[in-house]
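A.B. asks: Could you look at this predicted model? Sequence included:
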Amino acid sequence: MKDWEDIIKERQLSRKAELPESDWNDFLSRKASHDLAVKRRRRFITAAISVPAAAAVLLLLFLMPFKSDPQGAMDETAVQGVVSKVHMASDTSVFDMEAYKLPEGESVEDLIRKLPGVQIDSAGNITVNGKSVNRILVNGKEFFNTDTTKSLTQLTAEMIEKVKAYEKNSDQSLLVGIDDGREQTVLDLDARKVRRGDGRIRRHRYVDMGLSVKWATCNVGADKPEDLGNYYAWGETETKSEYLLSNYRFSKWFISDETNDSTMLLTKYCNNAGYGYDGLVDNKTVLDPEDDVAHVKWGGDWRIPTIEEWNELKESCTWTWGNMNGVYGFYVTSNMPGYTDHSIFLPAAGLSAHKVTGVSFSIDYVSSSLNPYSNQFECYSANFTKTRFVPYGCVFRYLGLSVRPVCN
Amino acid sequence: MRKSFLTEQKLALGCVRNDRDAQGELYARYSSKLYAICLRYIVDREEARDLMHDCMIKAMDNFKSFRYVSEGSLYAWLSRITVNMAINRLKESSRFRQIPFEQVSGDELENALEPDAESVRKIPDGVLDKLIAELPPVRRTVFNMYCIDGYSHHDIARALGITERTSTSVLAKARASLKKALMNYIDKTGL
């Protein structure tokens, strides 16, 4: 039997409310004044920005050499080289191992000896800038028990990506919440997360998950796996401030002589004469390399995955919703035998347009395939929300999408 | 001649292209439904109509973010925009802000009999609307969001800037007062 609430819900949802007859005209006049206001605002903003912006740039250029900010300079100071051997991030000294040339098979102890300002005495006690190190952590967690020196010789240096030295409150003060002044100097080793089959092409990391292609760890335009990166319309290789049909690379206004109607038509990747400019039909359904933003931006073998590859990722992997450094998204872990510890993180990157309006919470990644069945304005995308995944999702191709490249 | 927009997909594409005929069709199909939603949240008829107009304008401006999944997704999208905008409008109004989110006292929840479903079905539209409209604004909003538009307590809490627990207790109150009002009406008219 139905509950009284269900009855109310049913009745309320099917309701239509009577509108006065003049309503459409009222609406039109309201919309007209709105459109006018938007147009005016745009014109005002461009005018408002361009004049002061030019003045500000000139002023900045003039002031630059005299600008000094000792406070800010203390926070983040880089010392020497392209990849600096050591830099300060607030109160932590970070030693980046990429700056050290290490022979193979070197132990962590040998590595630590090479760090500037770090010393190990004959008894195996480590000091950083004169302060003795009480604890050694790996990835921020207690890893070594009591005999730190012995363990250090057993770890190899290749496993370490970064070494951080900082002061940490004692366990007791962390527990009680009162700073008892007894700070400990801590050496924190960031272990590198590179396993069999993983590597880099042109500086960009990939993960081998035992699938037909290797997946990149970051989006195009991102430095870290959790960064959303840039948005690109399908077939475009540059970002834009607005993703509209009217500024899409492959669209053109067509004005009919007979009816004087104007419509947007496509100049490339079109399979239906009704939508092609000048009746264009090129029967292309997959992006050419020169229109593939992953290939253009990253070079090498990098490219945008096809929709079949997205589907393979969906079928052969376990998708777990989680968060990485505060960014929500999916951890995609391989189910292929021998690769079950290999995973990538896909941050919840929305459509550029969705981000603006906030109406939808779905997540989209671009594929290189056009949807041949619908009208020609759509490409396939990997579309997922927290609870479902639609590998054959469709999205208008002029919208900005996140790009996660693959390579063979 | 008016162009035809037979399927939702065609209609959506027309709206994306800023086609005035498509916008007219969109308005003809959905305005009265959206107006009904607005009326549920904002009782005043003129205010509700203004809001509906604003929602339509917003939808037309942001049509590029509409995603077609299946028949019906256009209405789902429009109603989502409408509910969101209605809530924002409510939050702006001073009356809404002044209502304190007090705790539920035990006796308010007691002795409300469950109204009979069949009797509820017989209550005329106008009366049902009036009974819901007479709920205090916060209760009415939470009741509308949870029971009719199917929002979760989590979403309600985020939209209204309250805690989930408050949302639950406000809903309990809303249900109790609505039950009471329904029973009163049913008793009085002998439905």
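C.D. replies: Right, received. Where do you want to start? Numbers count the residues shown, from 1 in each chain, chains lettered A, B, ... in the order given.
A.B. asks: pLDDT value on the closest residue to B:Ile87 other than its chain neighbours, please?
C.D. replies: Spatial nearest neighbour of B:Ile87, chain neighbours left out: B:Ala159 (5.2 Å); criterion: CB to CB, 6 or more residues apart in numbering or on different chains. Yep, even glycine has a C-beta here, placed from its N, CA and C like the rest. B:Ala159 carries a pLDDT value of 84.
A.B. asks: how close does B:Ala159 sit to A:Leu36?
C.D. replies: Plainly put, B:Ala159 is 31 Å away from A:Leu36 if you go by CB to CB, to the nearest Å.
A.B. asks: Looking at these two, which one has more neighbours?
C.D. replies: B:Ala159 (19 against 10; other CB atoms under 10 Å in any protein chain shown).
A.B. asks: Would you agree the more buried one is in contact with B:Met145?
C.D. replies: Yes. Proximity of B:Ala159 to B:Met145 meets the contact threshold set by CB atoms under 8 Å, at 7.3 Å.
A.B. asks: Need the overlap of contacts for these two.
C.D. replies: Common neighbours of B:Ala159 and B:Met145 (criterion: CB atoms under 8 Å, 6 or more residues apart in numbering or on different chains): B:87, B:151.
A.B. asks: Skip the chain neighbours and tell me the closest residue to B:Arg17.
C.D. replies: A:Met264 (6.1 Å).
A.B. asks: residues near that neighbour, how many?
C.D. replies: Residues near A:Met264, counting by other CB under 10 Å: 19.
A.B. asks: element containing it, please.
C.D. replies: Using DSSP states H and E, A:Met264 sits in strand A:262-266.
A.B. asks: which one is the most centrally placed residue in chain B nearest to, not counting chain neighbours?
C.D. replies: For chain B, the residue nearest the mean C-alpha position is B:Ile37 (4.3 Å; CA atoms, centre = their mean). Distances taken as CB to CB, 6+ apart place B:Thr82 nearest to B:Ile37, at 4.9 Å, with adjacent residues excluded.
A.B. asks: How about A:Ala222?
C.D. replies: A:Gly229 (3.6 Å).
A.B. asks: In this structure that neighbour contacts A:Val220, no?
C.D. replies: Yes. At 5.3 Å, A:Gly229 and A:Val220 qualify as touching, with contact defined as CB under 8 Å.
A.B. asks: list residues touching both of the two?
C.D. replies: A:402-403.
A.B. asks: so how far is B:Ser93 from B:Ile156?
C.D. replies: Relative to B:Ser93, and taking CB to CB, B:Ile156 is found at 18 Å.
A.B. asks: ok, which stretches of chain B are helices?
C.D. replies: B:8-16, B:20-41, B:45-61, B:73-92, B:94-98, B:106-109, B:117-122, B:125-133, B:137-143, B:153-160, B:164-189 (DSSP state H).
A.B. asks: what's the angle between the longest one and helix B:125-133?
C.D. replies: By that I understand helix B:164-189. Helix B:164-189 and helix B:125-133 are oriented at 140 degrees to each other (axes from the mean of the first three to the mean of the last three CA atoms, to 10 degrees).
A.B. asks: Tell me if helix B:164-189 is near chain A.
C.D. replies: Yes. Applying CB under 8 Å from any CB of the partner chain, one finds helix B:164-189 touching chain A at B:175, B:179, B:182.
A.B. asks: give me every residue that touches the second one.
C.D. replies: Read it as B:Lys179. B:Lys179 touches A:4, B:112-115, counting by CB under 8 Å, 6+ apart.
A.B. asks: try the first one
C.D. replies: With CB under 8 Å, 6+ apart as the criterion, the residues that contact B:Arg175 are A:5, B:143, B:147.
A.B. asks: quick one: which of the residues you listed has the most company?
C.D. replies: B:Phe143 (23 neighbours).
A.B. asks: Show the pLDDT at it.
C.D. replies: Looking at B:Phe143, its pLDDT stands at 91.
A.B. asks: Apart from its chain neighbours, what residue comes closest to it?
C.D. replies: B:Phe143 sits nearest to B:Ala174 (CB to CB, 6+ apart), 4.0 Å away.
A.B. asks: Mind splitting chain B into its structural domains?
C.D. replies: B:3-92, B:100-189 (automatic domain parsing).
A.B. asks: so which of those domains is the most packed in?
C.D. replies: Highest mean neighbour count of those: domain B:3-92, a mean of 19 (counted as mean count of other CB atoms under 10 Å in any protein chain shown).
A.B. asks: thinking in terms of the whole chain, how far from its middle is it?
C.D. replies: Offset of domain B:3-92 from its chain centre (CA atoms, centre = their mean, to the nearest Å): 13 Å.
A.B. asks: my guess is the residue nearest to B:Ile37 contacts B:Cys38, does it?
C.D. replies: Yes. B:Thr82 lies in contact with B:Cys38 (CB under 8 Å); the separation is 6.4 Å.
A.B. asks: so what sits against both of the two?
C.D. replies: In contact with both B:Thr82 and B:Cys38: B:51-52, B:55, using CB under 8 Å, 6+ apart.
A.B. asks: For B:Ala48, which non-adjacent residue is closest in space?
C.D. replies: Nearest one to B:Ala48, counting by CB to CB, 6+ apart, is B:Cys38 at 3.9 Å.
A.B. asks: no, scratch that, I was asking about B:Leu39
C.D. replies: Nearest to B:Leu39 is B:Ala48, by CB to CB, 6+ apart, at 4.8 Å.
A.B. asks: before we move on, back to that, quick one: which of the shared contacts of B:Thr82 and B:Cys38 is nearest to A:Leu245?
C.D. replies: Of all these, A:Leu245 sits closest to B:Cys55, with 22.6 Å by CB to CB.
A.B. asks: what sits against that closest one?
C.D. replies: Taking CB under 8 Å, 6+ apart, we find B:Cys55 in contact with B:34, B:38, B:78, B:81-82, B:85.
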